[in-house]
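S.K.: here are the coordinates; sequence isn't available:
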């Protein structure tokens, strides 16, 4: 199964260990625009499909892996699929040659969290306008906002 990872499962992050011995296919970007929110806790980002308030959506950067069933089950458990995150099919394209493929990606599915992002009354979430968690995480961590 092909899986698109955009946050803490990417290379260089601690949770990438879940993808050990799986086939890395490269860097990809979503063909459709979505929201990507980063919590200030920096644990992992939230990919949100539906429009939130008047916040602009963007294409999301990530990596694609070809994974086996056992790894899929571990990632489903890690993401609390289908309760907290829900795995859905999306189309992505290679940043190298623009070839398009269908993959699975994890979207935030917790109504409670989605409502909290909409309200953002505790200022816990930042919209990642350029759609790439990696530089956001590194910059945010460096500045300790």
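M.R.: Perfect, thanks for sending it. Note that the structure is predicted; figures quoted are calculated from it, not measured. Numbers count the residues shown, from 1 in each chain.
S.K.: tell me where this protein has strands.
M.R.: Ranges of strands in the chain, per DSSP state E, are 2-5, 23-30, 35-39, 46-48, 61-66, 85-94, 100-108, 125-127.
S.K.: which residue lies farthest from the center of the protein?
M.R.: residue 121 (22.9 Å; CA atoms, centre = their mean).
S.K.: for that one, report the pLDDT, please.
M.R.: We have a pLDDT of 74 for residue 121.
S.K.: surely residue 4 meets residue 26?
M.R.: No. Using CB atoms under 8 Å as the test, residue 4 is too far from residue 26 to be in contact (11.1 Å). Placement of C-beta: from N, CA and C, glycine included.
S.K.: any common contacting residues for these two?
M.R.: 63, 64 (CB atoms under 8 Å, 6 or more residues apart in numbering).
S.K.: including distance to residue 141, could the strands of the chain go into a markdown table?
M.R.: Converted to a markdown table, the strands of the chain look like this (distance: least, CB to CB, whole Å):
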| stretch | distance to residue 141 |
| --- | --- |
| strand 2-5 | 19 |
| strand 23-30 | 21 |
| strand 35-39 | 11 |
| strand 46-48 | 17 |
| strand 61-66 | 18 |
| strand 85-94 | 23 |
| strand 100-108 | 22 |
| strand 125-127 | 13 |
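S.K.: those strands: which one's closest to residue 12?
M.R.: strand 61-66 (10.1 Å; CB to CB).
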